[in-house]
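1. next input, structure requested:
(one chain, ligands or ions: 1)
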Amino acid sequence: MSDRYLAFANSAAGRRLLRALGLPTPVRLERWAAGHARVLDGALLLAGDGDLLASVLGFAHRLSGERYAERPDRLGLPCWKLAEGPRLKALVFDASGLNRFEQLSALRACFQPALKGLGKCPRLVLLGRPPESLEDPQAASVQRALEGFSRSLGKEVRRGGCVQLLYVAAGAEPQLEGALRFFLSPKSAYVSGQVLRLAPCTAQVKDWTRPLAGKQALITGASRGIGAAIAETLARDGAEVVLLDVPAAEDALAALAARFGGRAVTLDIRSEDAPHRLVEALPDGIDILVHNAGITRDKTLAKMSEAQWDAVIEVNLQAPQRLTQALLHANKLREQARVVLIASISGIAGNPGQSNYATSKAGLIGLAQAWAPALGERGISINAVAPGFIETQMTAAMPLALREAGRRMNALGQGGLPQDVAEAVAWFAQPGSGAVSGQVLRVCGQSLLGA
Ligand code: NAP
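-> Okay, the predicted model is just below:
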């Protein structure tokens with residue numbers, strides 16, 4: 001569905017008028033398109049003082065052709081100065097060396113000038129050490145303080161900018177490249193204010209142009225919307241895709257499968273024999289499992305029927321659990337498999353009229369957290385992606401006022417696209433993303449709901 005306000009705000013006349021009226025002017029976000037030569041087109045500033053910067057320096061030339069240091073004679077790079085430019089496309093600040101409260105002023109010292117020198121849709125990433133891994137209470141508190149800083153910065157940065165914080169455990173440094181390829185590129189256009197933890201992981205991406213080459217992926221609810229975008233993106237990254245949807249979607253599903261060189265499976269995941277039939281449909285097993293199929297049956301709890309409650313819990317929560325369990329029992333989830341559950345920010349913040357849906361989506365987040373330790377023993381990761389307002393048939397059906405509120409109530413002032421969710425799933429699906437498990441990544445433009 002088209003966003004007319006966004007289109008108007010990005011026209012010359014519209015921009016002038018909205019500014020004169022003091023109304024927000026959301027920026028049209030840059031997104032990843034085929035043919036991108038580099039992770040980011042523009043200057044990358046490397047700043048901060050921790051020991052993670054040395055790891056980043058080792059691969060930074062593969063991210064950007066223009067690299068700068070914050071101070072002269074640092075890292076063998078030219079020093080970036082606000083007065084001289086160029087405008088920054090990205091900034092990586094290594095805060096892992098901060099362990100005293102007074103050192104937090106380094107954040108202000110670096111980001112204050114940098115904020116004035118940012119280009120369009122800039123990407124800012126802070127690196128730290130997991131606070132829970134530090135014995136010294138003050139050092140742990142300083143690292144925890146980074147969350148407040150990065151989330152506030154996400155709400156202040158303009159021009160479509162995004163800010164994230166990555167806590168990197170000792171030994172997880174080799175997985176920084178995969179994470180920064182996602183968070184510094186337009187692939188994370190609609191992801192901001194997020195905090196993730198990277199742990200050591202033995203698997204590695206071999207070819208960054210096709211990071212999922214040789215992998216088999218199954219996506220449920222793949223005939224349209226977010227599921228179709230996930231299938232397309234995983235296929236773009238080299239995976240062989242199996243698209244699953246309800247029998248009624250057979251034609252659309254078959255057409256998409258043919259387009260992506262994949263296979264279609266029609267199955268109602270709510271049916272009694274769905275686990276058995278899915279196992280039969282996957283004789284060789286899979287490496288990537290994406291539970292995307294989901295439904296809404298919105299009503300306030302006072303008016304909600306038993307059928308509306310049950311349908312949502314069964315499709316959104318019970319089916320992913322039953323299917324995952326069956327695939328595990330039948331040994332169809334290969335070693336180093338990647339499981340991704342599509343949750344929702346409703347499951348984090350709650351939403352009136354969606355008690356059934358929010359319950360199911362919060363339950364999915366619980367599933368990711370509960371399964372992670374046991375699956376981790378086989379190198380399998382499981383994570384949840386929680387979309388905010390995404391432009392799909394599901395949100396097009398919302399009443400106008402609710403739809404407009406959903407679109408604007410986030411730091412980027414607009415809805416996301418199915419591609420934005422798909423890019424996050426594709427990153428979680430990579431071999432090296434075993435570094436992340438039992439976690440939730442919101443793709444919501446830093447929504448004000450449940451922030
Ligand atoms: P969508 O357009 O409604 O697509 C979902 C697909 O799943 C449909 O093809 C649907 O088929 C299928 N499905 C439903 N029940 C099924 C079943 N029992 N067995 C097999 N397939 C089934 O939804 P979407 O907007 O792309 O959303 C995809 C996922 O993202 C959902 O889990 C949703 O909750 C989540 N999400 C979406 C948004 C958003 O803003 N759009 C926000 C947060 C989270 P039918 O035609 O039969 O329904």
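2. drop to CA atoms for contacts and neighbour counts, all remaining ones
-> Fine.
3. just the helices in the stretch 151-300 of the chain please.
-> Under the criterion DSSP state H, counting those that start in this stretch, the stretch 151-300 of the chain contains helices at 176-183, 225-236, 250-259, 274-281.
4. which one of these lies nearest to the ligand?
-> Comparing those against the ligand with C-alpha to the nearest ligand atom, the closest turns out to be helix 225-236 (3.6 Å).
5. got the CA positions of the closest one in CSV?
-> Extracted in CSV, the C-alpha atoms of helix 225-236 (Å, rounded to 0.1, in the frame of the first residue of the first chain):
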residue,chain,number,x,y,z
GLY,A,225,3.6,-10.3,2.0
ILE,A,226,6.5,-10.8,4.3
GLY,A,227,6.8,-14.6,3.6
ALA,A,228,7.2,-14.0,-0.2
ALA,A,229,9.9,-11.4,0.5
ILE,A,230,11.8,-13.7,2.8
ALA,A,231,11.7,-16.5,0.1
GLU,A,232,13.0,-14.0,-2.5
THR,A,233,15.7,-12.7,-0.3
LEU,A,234,17.0,-16.1,0.8
ALA,A,235,17.0,-17.2,-2.8
ARG,A,236,18.9,-14.1,-3.8
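6. so who does the residue of the chain most remote from its centre touch?
-> In terms of distance from the mean C-alpha position of the chain, residue 73 ranks first, at 35.3 Å (C-alpha atoms, centre = their mean). Contact analysis of residue 73 by C-alpha atoms under 8 Å, 6 or more residues apart in numbering lists residue 79.
7. mind putting the helices of the stretch 151-300 of the chain into TSV with mean pLDDT and mean neighbour count?
-> TSV is the format used below for these (pLDDT from 0 to 100; neighbours: other C-alpha atoms under 10 Å):
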stretch	mean pLDDT	mean neighbour count
helix 176-183	98	20
helix 225-236	98	24
helix 250-259	97	17
helix 274-281	98	17
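8. which one of those helices lies closest to residue 360?
-> Proximity to residue 360 (C-alpha to C-alpha) singles out helix 225-236 among these, at 17.9 Å.
9. just the closest residue of the stretch 351-451 of the chain to the ligand, please.
-> Residue nearest to the ligand within the stretch 351-451 of the chain: residue 390 (3.5 Å; C-alpha to the nearest ligand atom).
10. and the closest residue in space to that residue that isn't next to it in sequence, how many neighbours?
-> Nearest residue to residue 390, sequence neighbours excluded (C-alpha to C-alpha, 6 or more residues apart in numbering): residue 416, at 4.5 Å. Neighbour count for residue 416, taken as other C-alpha atoms under 10 Å: 23.
11. buried residues, the worst-scoring helix or strand of the chain on mean pLDDT. List them.
-> Between all helices and strands in the chain, the lowest mean by mean pLDDT, DSSP states H and E belongs to helix 12-20, at a mean of 71. Going by neighbour count (16 or more other C-alpha atoms under 10 Å), the buried part of helix 12-20 is 14, 15.
12. what lies in contact with stretch 340-359?
-> Contact with stretch 340-359 is made by 288-292, 295-301, 308-309, 312-313, 316, 320, 360-365, 368, 382-388, 425, 428-429, 442, 444, 449-451, as judged by C-alpha under 8 Å, 6+ apart.
13. so which of those residues are also by the ligand?
-> Checking these against the ligand by C-alpha under 6 Å from any ligand atom, the ones in range are 292, 295, 387, 388.
14. thought residue 448 was touching the last one, still the case?
-> Think residue 388. No - contact criterion C-alpha atoms under 8 Å: residue 388 and residue 448 do not qualify, at 9.9 Å.
15. these two: which is more packed in?
-> Remark: of residue 388 and residue 448, residue 388 carries more neighbours, 27 against 15, as counted by other C-alpha under 10 Å.
16. apart from its chain neighbours, what residue comes closest to the more buried one?
-> Closest residue in space to residue 388, ignoring its immediate chain neighbours: residue 444 at 4.0 Å, by C-alpha to C-alpha, 6+ apart.
17. so how many other residues sit close to that neighbour?
-> Applying other C-alpha under 10 Å, I find that residue 444 has 32 neighbouring residues.
18. could you do residue 163 as well?
-> Residue 163: 29 neighbours (other C-alpha under 10 Å).
19. cool, and residue 44?
-> Using other C-alpha under 10 Å, the number of residues around residue 44 comes to 28.
20. so who does it touch?
-> Counting by C-alpha under 8 Å, 6+ apart, residue 44 makes contact with 64, 66, 67, 68, 88, 89, 90, 91, 92.
21. in stretch 404-421, which residues are buried?
-> Here stretch 404-421 shows 404, 406-421 as buried, counting by 16+ other C-alpha under 10 Å.
22. please enumerate the strands of the stretch 51-200 of the chain.
-> With DSSP state E, counting those that start in this stretch, the ranges of strands along the stretch 51-200 of the chain come out as 66-69, 88-94, 118-128, 162-168, 194-198.
23. who in the stretch 351-451 of the chain is up against the ligand?
-> Proximity of the stretch 351-451 of the chain to the ligand, by C-alpha under 6 Å from any ligand atom, involves residues 387, 388, 389, 390, 391, 392, 393, 394, 395.
24. just the buried ones from those?
-> 387, 388, 389, 390, 391, 392, 395.
25. from those residues, which is closest to residue 248?
-> Within these, proximity to residue 248 (C-alpha to C-alpha) peaks at residue 392, which comes in at 18.7 Å.
26. and the pLDDT at that closest one?
-> Residue 392 carries a pLDDT value of 90.
27. list the contacts of the nearest residue to it once chain neighbours are set aside.
-> Once flanking residues are discounted, residue 392 sits nearest to residue 225: 5.6 Å by C-alpha to C-alpha, 6+ apart. Residues near residue 225 by C-alpha under 8 Å, 6+ apart: 392, 393, 418.
28. any chance of these in CSV, plus secondary structure and distance to residue 329?
-> As requested, these are exported to CSV (DSSP: H, G, I helix; E, B strand; the rest coil; distance: C-alpha to C-alpha, whole Å):
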residue, secondary structure, distance to residue 329
392, coil, 34
393, helix, 35
418, helix, 32
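29. hang on, residue 44 in a strand?
-> Yes - per DSSP: H, G, I helix; E, B strand; the rest coil, residue 44 lies within a strand segment.
30. that one bridge partners, please.
-> Taking DSSP bridges as the rule, residue 44 bridges to residue 67, residue 90.
31. state the distance from residue 156 to the ligand.
-> Residue 156 sits 24 Å away from the ligand, taking C-alpha to the nearest ligand atom, to the nearest Å as the criterion.
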